[in-house]
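Trainee: take a look and give me a structure for this.
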Amino acid sequence: MKRLYFYLLCCFAVTLFCFSVCPVSAQAPTRAKIVFTATRDGNAEIYVMNTDGSEQLRLTDHPGDDFDPTWSPTGEHIAFVSERDHAGLYDIYLMDPNGQNIRPAFDDLDYRTAPAWSPDAEKIAYHTYSTIPDWAVYFNTIGGGTPERVSEAGIHPGGFPDWSPDGTEIAFTGGTRIKWRIWIRNLQTGDKKLLLPKIPLGDQRNPAWSPDGSKLAFYWWKREENKPYIYTVNRDGKNLDKIVENVSGIVAWAPNGKELLYKQTVAGKKQLFKIDLDTRIATPLAELGPTTRHGQNTGWDWFDPKVLPVAPQPQLLTTVWGQMKIKN
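Mentor: Model (predicted):
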C-alpha cells in the first residue's frame, strides 16, 4: 500500500511539473470572431466579438495602450502592440484568444509596431526605427533571433507590412509625408516593385492581401478630392475598384474574401464597419471611442475556423536573395 501511495504521489508531481513547464496549448475560437481596438475607457484596449457585433468582450486591461491586434493563421494566438513594459515604448506581444497568457513576442524589448504573421505562424513582420533616423520593415522569428530587414519605409507612418498568403511577398507602405505608395517585396528574389506605378500622385497606405492572394485592399487619400477611400486592386495592379469613401486607416479582409472591415466616423462617433463586396452594403459592428493621446483606436482582424489558411510549402518562406538588411 505504501508503494502504491508513493507511486500515485510521484505521478501527481510529474503531472504538476508538466503543466507548469509545458502548459496546455491555447485553443482557437470555435466560431468566427473579430478582434479589434477600442478606446472606450480613455486608453486603447483590445476586444473580441462575433462577426455580427454581438457578445463584445474585453481582452486586455492595462493603463498602457494595447492596439493593432491580429490573429495567428490558425487562431490560437493574437499578436498586438502594447506599451505595458515601458511607457511610450511600443512593442509586440502575444496572448491567447481569451486574453490570458500575455507575453512578449520576442526576447528583447524594442520599438516595434504593426505586426503581421507569416503564413506558417513562425515569424512576424513589423515596422520599426532603422539604424538611420527613418522607418523600416523587418521580420523575426517568434521568440527572437536575428531580425531580417525587408526594406526602408520612409518616415512615419511608413511600414504597415502584410505578408502574402503564400509566404513569398510582403506588401508595405513607403514614401514621404506628401506621397505614400504601396510597395511589394519578393522575399525569394529581392525585387521591390510599386503596386500602382502609373499613378503619379497619391497617398496609398496600409495594404492588406486578400485570403487567396489575388488582390490587395488599401487606404487611399485622394489629395485632389481631399477625401479618403478604400480600394481593392488585383495583384498585377489591374481592376482598381473603389469600395467605400470617407474612411480611416486600417482595412482587413474577412477570411472568405467577401467582406472588408474598416473604420468610419458617423455623427461624430468612430465606428467599426464591415462591407459586403458584392452588394456594397455596410453594417456597423462596434463603437470604437475617441482617439487617445497616441491616436491608437486602430487595428482589427477577422478569424473563422471554417476558413483556415492553407500552409505554404516551407521553401516558399525561405529567402534566397542574401542579406535583406543591406537591400533597399
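
Trainee: show me what Trp300 is bridged to.
Mentor: Phe36 (DSSP bridges).

Trainee: isn't it up against Ile34?
Mentor: Yes: using Cβ atoms under 8 Å, Trp300 is in contact with Ile34, at 6.2 Å. The way it works is simple: take the backbone N, C-alpha and C, and place the C-beta from them, glycine included.

Trainee: which neighbours do these two share?
Mentor: The contact sets of Trp300 and Ile34 overlap at 261, 272 (Cβ atoms under 8 Å, 6 or more residues apart in numbering).

Trainee: what's the closest non-adjacent residue to Val251?
Mentor: With Cβ to Cβ, 6 or more residues apart in numbering as the criterion, Val251 has its nearest non-adjacent residue at 4.7 Å, and that residue is Ala217.

Trainee: again with Arg235
Mentor: Taking Cβ to Cβ, 6+ apart, and ignoring the residues beside it in sequence, Arg235 has Ser214 as its nearest neighbour in space, at 5.8 Å.

Trainee: what's the neighbour count on that neighbour?
Mentor: Using other Cβ atoms under 10 Å, the number of residues around Ser214 comes to 14.

Trainee: do the same with Arg84
Mentor: Each residue near Arg84 was counted by other Cβ under 10 Å, and the total is 18.

Trainee: does it touch Gly64 like I think?
Mentor: Yes: contact status for Arg84 versus Gly64: in contact at 4.6 Å, counting by Cβ under 8 Å.

Trainee: now do the shared contacts for these two.
Mentor: By Cβ under 8 Å, 6+ apart, Arg84 and Gly64 have no common neighbours.

Trainee: now for the helix or strand harbouring Arg181, which elements pack on it?
Mentor: Assignment of secondary structure by DSSP states H and E places Arg181 within strand 179-186. Judged by 3 or more Cβ pairs under 8 Å, 6 or more residues apart in numbering; DSSP states H and E, the packing partners of strand 179-186 are strand 148-154, strand 169-176, strand 192-194, strand 203-209.

Trainee: switch the cut-off to 10 Å
Mentor: Here strand 179-186 touches strand 148-154, strand 159-163, strand 169-176, strand 192-194, strand 203-209, strand 215-222, going by 3 or more Cβ pairs under 10 Å, 6 or more residues apart in numbering; DSSP states H and E.

Trainee: tell me the angle of it relative to strand 203-209?
Mentor: Computed by axes from the mean of the first three to the mean of the last three Cα atoms, to 10 degrees, the angle separating strand 179-186 from strand 203-209 equals 30 degrees.

Trainee: ok now strand 179-186, how far from the chain's centre?
Mentor: A distance of 17 Å separates the C-alpha centroid of strand 179-186 from that of its chain, computed with Cα atoms, centre = their mean, to the nearest Å.

Trainee: pull that strand out as CSV, backbone CA atoms only.
Mentor: As requested, the backbone C-alpha atoms of strand 179-186 are provided in CSV (Å, rounded to 0.1, in the frame of the first residue of the first chain):
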residue,chain,number,x,y,z
LYS,A,179,3.4,60.9,-51.3
TRP,A,180,2.8,57.4,-49.7
ARG,A,181,2.9,54.4,-52.1
ILE,A,182,2.4,50.7,-51.7
TRP,A,183,5.4,48.5,-52.4
ILE,A,184,5.7,44.7,-52.7
ARG,A,185,9.0,43.0,-51.8
ASN,A,186,9.6,39.5,-53.2
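
Trainee: quick one, helices of this structure?
Mentor: Under the criterion DSSP state H, helices of the chain are mapped to 2-21.

Trainee: mind showing which ranges of it have poor pLDDT?
Mentor: 1-25, 130-133, 155-157, 176-178, 200-202, 292-297, 309-328 (pLDDT under 70).

Trainee: mind listing what's buried along stretch 211-227?
Mentor: Counting neighbours by 16 or more other Cβ atoms under 10 Å, one finds that the buried residues in stretch 211-227 are 211, 213, 215-220, 222.

Trainee: stretch 145-159 too?
Mentor: Neighbour counts over stretch 145-159 (16+ other Cβ under 10 Å) mark 147-154, 157-159 as buried.

Trainee: could you identify the most distant pair in those residues?
Mentor: Set against one another by Cβ to Cβ, these have their most distant pair in Glu148 and Pro157, with a gap of 21.8 Å.

Trainee: before we move on, the earlier item: pretty sure the residue nearest to Val251 contacts Arg205?
Mentor: No: taking contact to mean Cβ atoms under 10 Å, the distance of 11.3 Å between Ala217 and Arg205 leaves them out of contact.

Trainee: between its first and last residues, how far does stretch 125-139 reach?
Mentor: One end of stretch 125-139 to the other measures 4 Å (Cα to Cα, to the nearest Å).

Trainee: so how far is it from its chain's centroid?
Mentor: Here the centre of mass of C-alpha atoms in stretch 125-139, compared against the chain's by Cα atoms, centre = their mean, lies 16 Å away.
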